[in-house]
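[1] fold the following.
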Amino acid sequence: MFERYYRELLSFLSRKVSDRATAADLAQESYARVYAAQQAGEPVREPRALLYRVARNLVIDQGRRGDVRARYAEPEDDVASGEADDTLGPTAFEPDAALASQQMVNAILATIDRLPPRCREAFILHKFDGLAHAEVARRMGVSVKMVEQHVKNAVAACRRCREEAEEGRLPAAAPLQRRKRGRG
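    Residues are numbered from 1 along each chain as shown. Next up is the predicted model:
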C-alpha cells in the first residue's frame, strides 16, 4: 500500500498544506494510522479511500491547531522579553481538546457514511480525492450540476453535524463503531 499510493498521497497533501515537509509528515502519519487500524483487526475494504480520509482529517486537524495557536498566541512583546511560560504545552495536546477533536472527526465520518451512496461518492471523489466537478461527473456518469448538488448537500450535512456537535447535541464520547451498532 505504501509504494502504491505514497507519491499520489504526498502530491495531494502538498496541494492542501503548501509545504512539502509538512505534507510528508502528514502522509507518514496517515499510513501509521491506517496500519494501526489494520493491526487492531479492523477490516479495511478500501485502503486508498481510508488513507485519503485519514489524510484529509489530519489536514483539518492541523488547520484547527493552527487556528488555536493563532487565537491563543502570546503577544509578541511578552515572547521577545522572555516572559512566555514554556512549561505549558499547546492547548490542542490537552486530553479534553484531543477527545473533542476525535469526537468531531467521528461525528463527521458518521455523517459522511450516512449520506446517500451517490452523494457520498461524489463528495469523497471531490473533497478527498481532489477531483474537479467535471471529472467526478465523468466518472459517475452524471451531469456536473448533479455533482455540484451532491457536494453541496454533503457539505451542508457536515456543517449541520459540526453545529450540532458545537451545541452539544451529539452523543458525548461515543465512538463511531458504537454509534453504528446502537442504531441497528
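
[2] quick one: low-confidence ranges for the protein?
    Where the chain drops to pLDDT under 70, the residues are 1-2, 73-94, 96-99, 169-184.

[3] any buried residues in the lengthiest helix in it, and which?
    Longest helix in the chain by number of residues (criterion: DSSP state H): helix 47-71. For helix 47-71, a neighbour-count test (16 or more other CB atoms under 10 Å) marks 47-48, 50-59, 61-62, 65 as buried. Every residue, glycine included, has its C-beta placed from N, CA and C.

[4] likewise for stretch 17-28?
    Using 16+ other CB under 10 Å as the test for burial, stretch 17-28 gives 17, 23, 26, 27.

[5] hang on, residue 140 packs against residue 117?
    No - using CB atoms under 8 Å as the test, residue 140 is too far from residue 117 to be in contact (10.7 Å).

[6] looking at those two now, which is surrounded by more residues?
    A side-by-side neighbour count of residue 140 and residue 117, using other CB atoms under 10 Å, places residue 140 first with 15 against 7.

[7] so who does the more buried one touch?
    Residues in contact with residue 140, defined by CB atoms under 8 Å, 6 or more residues apart in numbering, are 118, 121, 122, 125, 147.

[8] contacting residues for the second one?
    For residue 121, the contact set (CB under 8 Å, 6+ apart) comprises 140, 150.

[9] next one: it from residue 20, what distance?
    According to CB to CB, to the nearest Å, residue 121 and residue 20 sit 30 Å apart.

[10] related to what we said a few turns ago, inside strands: which ones of the buried residues of stretch 17-28?
    Residues of the buried residues of stretch 17-28 located in strands (DSSP state E): none.
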